[in-house]
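Chemist: Quick one: sequence plus predicted model below, questions after.
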Amino acid sequence: MRNDRSAKSYDLHTAIISNEEVAEAHYLLRCECDEIAQHARPGQFIHVMISHGPGLLLRRPFTIYTVEGREITMLYQIIGEGTKRLSEMPKGAPLQVLGPLGNTFNLTTKSEPAVLVGGGAGIASLMLLAAALRENGIETIGLVGAQHHARLLSVVDLESIGITVHIATDDGSIGHHGYITDILANLLKHTDWHRPMIYACGPHGMLATVTKIAADFEVPAQIAMENRMGCAMGVCLGCVCPVRIDTNNFEYQRVCTEGPVFNATDIVWDV
């Protein structure tokens, strides 16, 4: 992963351009944030103040899904009161957006193909990466998992930029009946790839399984963590995760500042 601590963040007042449901309980919000759009890199996120009713004191973190000119989008799931209210905000409603924040995926390696593994809304953290990989001419394969077909995300977006997509659903309503990690293991076992690289984002258990599979096949993997964040500035320590510093020791690092992208083998999954 890449960590550019000299990068600048911008705290911008903007308004919603569109906010549309794209799958069950998932929305795509578009807004104009020129400075953030200019400086955003794959894996980075924004911190959003939702000015829609009382009781929402803290900002909410969202990955930067796409960048188009002066505009950015974020793909989000309704999880709690904050995202529920956000989903109800109409075109023209005000937002305060801080970003871009966090580190980025490391694209300096010459590994190919790039295998993107997204579980649920975790695929949102990989779309900007997918676009960058394709712009660099890197063969890219997308593995997208969901609970069921109504919650499947980003397949059309990935295919529109030339990425072959494999699908898995927990209930078998579309694609492979099972976990997206089943497809990952099968591809690594039966496909003669020379130097693949795995990029993943999704639930904790999925990421732990991706890490194990990658290690079993001796394939490098970078992951974007989705820990809850309070301040997103490294102050509150609410988003820490255990990161290996040598064979026998680890330390807690902040996902919002040292992450959200880590080398998969650096995370201690069994703490």
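Modeler: Received it, and whenever you're ready, just let me know what you need. Note that the coordinates shown come from a computational prediction; the quantities given were computed from them, not determined experimentally. Numbering: from 1, shown residues only.

Chemist: domain parsing for this structure?
Modeler: By the record's domain assignment, the chain is partitioned as 10-101, 108-220, 227-271 (automatic domain parsing).

Chemist: correct me, but residue 242 touches residue 266?
Modeler: No. Here residue 242 lies out of contact with residue 266, judged by Cβ atoms under 8 Å, at a distance of 9.4 Å. All C-beta spots, glycine's among them, are computed from the backbone N, C-alpha and C.

Chemist: how about the strands of the stretch 1-150 of the chain, start to end?
Modeler: 10-23, 26-32, 45-50, 60-63, 66-68, 71-77, 94-101, 114-119, 140-146 (DSSP state E, counting those that start in this stretch).

Chemist: What lies in contact with the longest one?
Modeler: Surrounding strand 10-23, the residues in contact under the criterion Cβ atoms under 8 Å, 6 or more residues apart in numbering are 27-33, 35-36, 39, 71, 75, 86-87, 89-99, 150-153.

Chemist: and residue 114, what is it in contact with?
Modeler: With Cβ under 8 Å, 6+ apart, residue 114 has these contacts: 133, 138, 139, 140, 141, 196, 197, 199.

Chemist: With residue 197 as the reference, measure out to the second one.
Modeler: This means residue 138. 9 Å (Cβ to Cβ, to the nearest Å).

Chemist: now the fourth one
Modeler: Counting by Cβ to Cβ, the gap between residue 140 and residue 197 amounts to 10 Å.

Chemist: which neighbours do those two share?
Modeler: By Cβ under 8 Å, 6+ apart, the residues touching both residue 140 and residue 197 are 113, 114, 115.

Chemist: which residue packs closest to the first one, ignoring adjacent ones?
Modeler: Once its chain neighbours are removed from consideration, residue 113 has its nearest residue in residue 139; the separation is 4.1 Å (Cβ to Cβ, 6 or more residues apart in numbering).
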